[in-house]
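Asks: I would like the atomic coordinates for the input below:
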Amino acid sequence: MVEHRLDLAKARRIAVRAQLLDAPRPTDLLAVVRQLTLLQIDPTAAVAPSADLIAWSRLGSSYRPEQLRQALEQSRTLIEHNAMVRPTDDLLFLLPGMRIWPSRKREQEWLRQNDSFRRDVLELLGGSGPLLSRDIPDTSVVAWPSTGWTNNRNVTQMLEFLMMRGEVAIAGRRGRQRLWDLAGRVYPAGTPEVTPDEARRLRHERRLRSLGIVRENAAGSPSEPGEVGEAGEAATVDGIPGTWRVDPAAIGRPFSGRTALLSPFDRLVHDRGRLTELFGYEYVLEMYKPKDKRRWGYFALPVLHHDQLVGKVDAVADRKTGTLVVHAVHEDVPFTPAITEAVHHELHDLASWLQLTPTGPGAPASRAGRGSG
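Replies: Reported below is the predicted structural model:
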């Protein structure tokens, strides 16, 4: 059995390069999503919607949010599924899971009790779709019980269940509201399917390729699993106990770094355990904390410099004043002049992309001294 031994710098560079955060930048949105496997959708837009911010971190200011909408709603090269943007090609291994969803008794029983409601929704979409959820009557027999935000939101719950089953799909958006339609009108006809075991293997391989290196038996989270099964090859990282799985195609490739500002939902930082072990970097999304309890800010952007995470940028887009307010740039390690220049360059580019003017205590003073770091 092959087992690779990696030093910490090589392991970090594999992770950074797999996430397309090295230099030079990629140039194609679809290629980016295919490599990353997904863009997470989150309603928080303190700086920009997370999916757009992640795309900008890779593609730079040539990226426009209209490109994402066009791919989702017109060319259909991307789909929105379960709060993620994914390549439409991924239906190959997503559909087998949809065919057997749900596995939990609670969802199974609710769907059984509301089969007439399910048929009402499908019939209405068949005749009048695509529709917003508010345009679909609630004909549920049994309300969805929850102590959280989904309590009694029966139409939304049914639509999301039917999405997970592959019966309906998100056809687009009207503002932030999802437009729902029959899956057959959104997903391409004749999409091939594989067995559930083959689907699992393909997911594991894609996940490892997108992350580069993953802790063996990593669990991840329900929304973003981290396990990669037997994909790749075993590896150890100097100074870190335990075994990892590494994409062998990523080993030994040249690395040229750059500086990037990342979304808090970026896949480079989403696994906090891996983040600590490989990068020695501490990060908590503090938007849910009281203001006086925050160390780094409401929506602090992690700062990547080459193969290290070196700080956080506390910034917010103020559309009313036309400014990107940079409250602070927190240095986890003392910034060299080159790092400072590179971070300022990225802040200028971010503000320009957002069509805002950088301002605030942490904002760069001018465009002078541009550099890639």
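Asks: After whichever strand or helix holds residue 185, which helix or strand is next?
Replies: When elements are assigned from DSSP states H and E, residue 185 belongs to helix 183-186. On the C-terminal side of helix 183-186, the closest following helix or strand by DSSP H and E is helix 196-211.
Asks: hang on, residue 211 packs against residue 19?
Replies: Yes - if you go by CB atoms under 8 Å, residue 211 and residue 19 touch, sitting 7.4 Å apart. Quick note: C-beta positions are derived from backbone N, CA and C, even for glycine.
Asks: Helices along the stretch 251-373 of the chain, start to end?
Replies: Counting by DSSP state H, counting those that start in this stretch, residue ranges of the helices within the stretch 251-373 of the chain are 272-279, 337-354.
Asks: wait, which of these is closest to residue 110?
Replies: Ranking these by distance to residue 110, with CB to CB as the measure, places helix 272-279 first at 32.7 Å.
Asks: neighbouring contacts of the closest one?
Replies: The contact list for helix 272-279 (CB atoms under 8 Å, 6 or more residues apart in numbering) reads 8, 11-12, 15, 213-215, 218, 237, 240, 268-269, 281-283, 308-309.
Asks: For PyMOL, write the select line for the buried members of those residues.
Replies: Provided next is the PyMOL selection string for whichever of the contacts of helix 272-279 are buried by 16 or more other CB atoms under 10 Å:
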select buried, resi 8+11+12+15+213+214+215+218+237+268+269+281+283+308+309
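Asks: residues in contact with the spatially most central residue of the chain?
Replies: Centroid-nearest residue in the chain: residue 40, 2.9 Å away (criterion: CA atoms, centre = their mean). Contact criterion CB under 8 Å, 6+ apart gives 50-51, 54, 83-85, 223-224, 265, 267, 270 as the residues in contact with residue 40.
Asks: JSON lines for these, including secondary structure and distance to residue 342?
Replies: Listed next are the contacts of residue 40 as JSON lines, based on DSSP: H, G, I helix; E, B strand; the rest coil; distance: CB to CB, whole Å:
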{"residue": "50", "secondary structure": "helix", "distance to residue 342": "23"}
{"residue": "51", "secondary structure": "helix", "distance to residue 342": "24"}
{"residue": "54", "secondary structure": "helix", "distance to residue 342": "19"}
{"residue": "83", "secondary structure": "coil", "distance to residue 342": "32"}
{"residue": "84", "secondary structure": "strand", "distance to residue 342": "30"}
{"residue": "85", "secondary structure": "strand", "distance to residue 342": "28"}
{"residue": "223", "secondary structure": "coil", "distance to residue 342": "32"}
{"residue": "224", "secondary structure": "coil", "distance to residue 342": "29"}
{"residue": "265", "secondary structure": "coil", "distance to residue 342": "23"}
{"residue": "267", "secondary structure": "coil", "distance to residue 342": "22"}
{"residue": "270", "secondary structure": "coil", "distance to residue 342": "24"}
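Asks: Which of those has the largest number of neighbours?
Replies: Compared across the contacts of residue 40, residue 54 has the highest neighbour count, 27 neighbours, by other CB atoms under 10 Å.
Asks: show me the contacts for that one.
Replies: By CB under 8 Å, 6+ apart, the residues touching residue 54 are 36, 39-40, 262-263, 265-267.
Asks: Ok, residue 299 next?
Replies: When contacts are counted by CB under 8 Å, 6+ apart, residue 299 touches 44, 46-47, 264, 285, 287, 314-316.
Asks: swap the cut-off to 6 Å and go again
Replies: Neighbouring residues of residue 299 by CB atoms under 6 Å, 6 or more residues apart in numbering: 46, 287.
Asks: tell me the pLDDT at it?
Replies: You'll see residue 299 listed with a pLDDT of 95.
Asks: so where is the stretch 251-373 of the chain shaky, pLDDT-wise?
Replies: Applying pLDDT under 70 to the stretch 251-373 of the chain flags the ranges 366-373.
Asks: hey, where'd the helices end up in the stretch 51-200 of the chain?
Replies: Secondary structure of the stretch 51-200 of the chain, counting by DSSP H, counting those that start in this stretch: helices at 65-73, 91-99, 105-113, 115-128, 154-164, 183-186, 196-211.
Asks: Which of those helices has the highest mean neighbour count?
Replies: Scoring those by mean neighbour count under mean count of other CB atoms under 10 Å gives helix 154-164 as the most buried, with a mean of 20.
Asks: May I have the helix holding residue 185 as PDB, with CA atoms only?
Replies: Backbone C-alpha positions of helix 183-186 (Å, rounded to 0.1, in the frame of the first residue of the first chain) are rendered in PDB as follows:
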ATOM      1  CA  ALA A 183     -37.400  18.500 -12.200                       C
ATOM      2  CA  GLY A 184     -38.000  17.200 -15.700                       C
ATOM      3  CA  ARG A 185     -38.100  20.800 -17.000                       C
ATOM      4  CA  VAL A 186     -34.900  21.800 -15.200                       C
END
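Asks: on contacts alone, who are the packing partners of that helix?
Replies: Applying 3 or more CB pairs under 6 Å, 6 or more residues apart in numbering; DSSP states H and E, one finds that helix 183-186 makes contact with strand 168-174.
Asks: Give me the angle between the strand it packs on and helix 154-164.
Replies: 120 degrees (axes from the mean of the first three to the mean of the last three CA atoms, to 10 degrees).
Asks: chain center to strand 168-174, what's the gap?
Replies: Centroid separation for strand 168-174 versus its chain: 18 Å, with CA atoms, centre = their mean, to the nearest Å.
Asks: what pairs with that strand, and is each one parallel or antiparallel?
Replies: Listed by DSSP bridges, the sheet partners of strand 168-174 and their directions read strand 177-182 (antiparallel).
Asks: Could you tell me which of the contacts of residue 54 are located in strands?
Replies: Counting by DSSP state E, the contacts of residue 54 place 39-40 in strands.
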